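>>> pasted the sequence and its predicted model underneath.
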Protein chains: 2
Amino acid sequence: MPRPKSFDEAQVLEGAVALFRERGFEGTSMPDLTRKLGICRQSLYNTFGDKKGLYLKALENYGNKEAQSKLALLQGPGSPLENLRTLIRGFASYATTCPAEGCLTVTALVNSREDADALAAVSQHVQSLENGIECALTRAKKQGQINAHTDAASLARYITTSLYGIGLLVRLPDSSARIAATVSHLMESLQRIEIQPAA
Amino acid sequence: MPRPKSFDEAQVLEGAVALFRERGFEGTSMPDLTRKLGICRQSLYNTFGDKKGLYLKALENYGNKEAQSKLALLQGPGSPLENLRTLIRGFASYATTCPAEGCLTVTALVNSREDADALAAVSQHVQSLENGIECALTRAKKQGQINAHTDAASLARYITTSLYGIGLLVRLPDSSARIAATVSHLMESLQRIEIQPAA
DNA sequence: GCCGTTAAAGAATGATCGTTCTATATTGAT
DNA sequence: ATCAATATAGAACGATCATTCTTTAACGGC
């Protein structure tokens, strides 16, 4: 039987994600990849087809990981509303602590105008976040935690848009006040629909 | 005296903006530019130095134009609050009608991680929009049109972030519902601080 | 030990990139 | 008419790109 692969595919994908995050698709060259990943050209081509194949795999890998962790947080123990608040806070603190690298989904969205595959992957990622938020809001509604008239879908769309606004503007050098203000107003939006338990 | 330039620099910049919007900085080649702009290589180099110089000029041109039209709208006749509403609606309708090309500021922001000059231009553009919104809110406050306790700076930061969230997510193929929801909630935020005139 | 598969290293391909150089033509003021 | 500066056209540069090919070595089941 064949000689076993001497590299871990998942580990290679992680390295590729890191590079694509730093420099984007066009800004990352195959020599860059082989150098960083410690793998020779041919192995890359044998495993992923070509550069775009590797990129799509990396995108998928990143998106799934991010989506999973966020959905897990939203569906975790604790009240759905509080989980949503934690998600929003986490988004902001993550955004402010490591402004150097940006969200790969944002980068890919901007640079995939002519790449239907990449755009589809990004779209799915955004949708899954939005759906997760909507589900959390619906659960909160069923539990009587928020106003019964709340349009969960509409609110989820709005929160998603604002979160991605943060994910975009975090790339500016002076974004911390802007991010804090956005989080604060998002929190206010949630508080306004919350049904305060009788104290 | 020298032979006069046979091309209009402003017109060339407009064409460059269009190309950079479509394909980004790295995706636009010098042959692309000369073809589209109807100008020979050498003239480009003589006028703008190099490709990056042309890019920065185009970025500046685009940003100034956008900022001017938006600030003019905000400072125009009519109540500041209504002007702000018009701005937000215009942002959304513009976003939904021509989803093919995206905001150049968004593209440049994502792709300028290693380009301090471009980043500075983008930052200034975002700041000017944010400042314009803050000024409009402050004027609305002085005119007694909105709640006196409103934190104009914070609200302006939040609106700016959400607007750029729209400018980013408009690149997704199915973004119209998301944009509509975001606009709707932004409007709600404004209505909540508005002091209703006695009917 | 053999064989099929893979890894590794490096050369080579063809294309495209940004930029520069050369040569020639065109214009406007003097 | 002359001159300075620009326009245009095209060749050429060196660099880099993604990809393929070639060769040699390493491994595992038979």
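Sure, I can see it.
>>> what sits against the residue nearest the centre of chain A?
Residue closest to the mean C-alpha point of chain A, counted by CA atoms, centre = their mean, is residue A:66 at 4.8 Å. Going by CB atoms under 8 Å, 6 or more residues apart in numbering or on different chains, residue A:66 touches A:105, A:125. The way it works is simple: take the backbone N, C-alpha and C, and place the C-beta from them, glycine included.
>>> cool, and residue A:59?
With CB under 8 Å, 6+ apart, residue A:59 has these contacts: A:20, A:104, A:108, A:118, A:121, A:122.
>>> contacts with chain B among the residues you listed, please.
residue A:122 (CB under 8 Å from any CB of the partner chain).
>>> one step back: can you list the buried residues in the helix or strand hosting the residue nearest to the centre of chain A?
For residue A:66, the element it lies in under DSSP states H and E is helix A:51-75. Within helix A:51-75, the residues that count as buried by 16 or more other CB atoms under 10 Å in any protein chain shown are A:51, A:54-63, A:66-67, A:70-71, A:73-74.
>>> stretch A:124-134 too?
Buried residues in stretch A:124-134 (16+ other CB under 10 Å): A:125, A:126, A:128, A:129, A:130, A:131, A:132, A:133, A:134.
>>> isn't the last one up against residue A:159?
No - taking CB atoms under 8 Å as the definition, residue A:134 is not a contact partner of residue A:159, at 9.2 Å.
>>> and the host helix or strand of residue A:14, is it in reach of DNA strand C?
Using DSSP H and E, residue A:14 sits in helix A:9-27. No - Helix A:9-27 is not in contact with DNA strand C by CB under 7 Å from any atom of the strand; minimum separation 8.9 Å.
>>> so the helix holding residue A:66, near DNA strand D or not?
Yes - against DNA strand D, helix A:51-75 shows contacts by CB under 7 Å from any atom of the strand at A:51, A:52.
>>> now do the helices in chain A.
Ranges of helices in chain A, per DSSP state H, are A:9-27, A:30-37, A:41-48, A:51-75, A:80-97, A:104-110, A:116-142, A:152-169, A:176-193.
>>> make a markdown table out of those helices and add distance to residue B:94.
As requested, the helices of chain A are exported to a markdown table (distance: least, CB to CB, whole Å):
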| stretch | distance to residue B:94 |
| --- | --- |
| helix A:9-27 | 26 |
| helix A:30-37 | 37 |
| helix A:41-48 | 39 |
| helix A:51-75 | 28 |
| helix A:80-97 | 26 |
| helix A:104-110 | 17 |
| helix A:116-142 | 21 |
| helix A:152-169 | 15 |
| helix A:176-193 | 22 |
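>>> mean pLDDT added to those, as CSV?
Formatted as CSV, the helices of chain A follow (pLDDT from 0 to 100):
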stretch, mean pLDDT
helix A:9-27, 92
helix A:30-37, 92
helix A:41-48, 91
helix A:51-75, 94
helix A:80-97, 90
helix A:104-110, 95
helix A:116-142, 96
helix A:152-169, 97
helix A:176-193, 96
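>>> out of these, flag the one nearest residue B:11.
helix A:104-110 (26.7 Å; CB to CB).
>>> who are the packing partners of the closest one?
helix A:9-27, helix A:51-75, helix A:116-142, helix A:152-169, helix B:104-111, helix B:152-169 (3 or more CB pairs under 8 Å, 6 or more residues apart in numbering or on different chains; DSSP states H and E).
>>> list the contacts of it.
A:17, A:20-21, A:24-25, A:58-59, A:62-63, A:66, A:118-119, A:121-122, A:125-126, A:164, A:167-168, B:24, B:102, B:106-107, B:110-111, B:168-169, B:171-172.
>>> in it, what's buried?
A:104, A:105, A:106, A:107, A:108, A:109, A:110.
>>> measure the closest residue to residue A:121 other than its chain neighbours to chain B for me?
Closest residue to residue A:121 apart from its sequence neighbours, by CB to CB, 6 or more residues apart in numbering or on different chains: residue A:59 at 4.9 Å. From residue A:59 across to chain B, the span is 14 Å (CB to the nearest CB, to the nearest Å).
>>> for the nearest residue to residue A:119 once chain neighbours are set aside, what are phi and psi?
Closest residue to residue A:119 apart from its sequence neighbours, by CB to CB, 6+ apart: residue A:112 at 4.6 Å. Here is the backbone geometry of residue A:112 (degrees, to the nearest 10): phi -120, psi 30.
>>> is it true that residue A:112 touches residue A:118?
Yes - contact criterion CB under 8 Å: residue A:112 and residue A:118 qualify, at 3.8 Å.
>>> OK, contacts around residue A:144?
Here residue A:144 is in contact with residue A:195 (criterion: CB under 8 Å, 6+ apart).
>>> if I look at it, how far off is residue B:141?
37 Å (CB to CB, to the nearest Å).
>>> between the two ends of stretch A:71-83, how far is it?
By CA to CA, to the nearest Å, the extent of stretch A:71-83 from end to end equals 10 Å.
>>> now it, how far from the chain's geometric center?
17 Å (CA atoms, centre = their mean, to the nearest Å).
>>> residues making contact with it?
A:84, A:86-87, A:90, A:128, A:132-133, A:135-137, A:139-140, A:143, A:145-146, A:190, A:194.
>>> ok, and the closest non-adjacent residue to residue A:167?
residue A:103 (4.5 Å).
>>> check that neighbour and give its pLDDT.
pLDDT, residue A:103: 90.
>>> show me which residues of the helix holding residue A:14 are buried.
In helix A:9-27, counting by 16+ other CB under 10 Å, buried: A:12-25, A:27.
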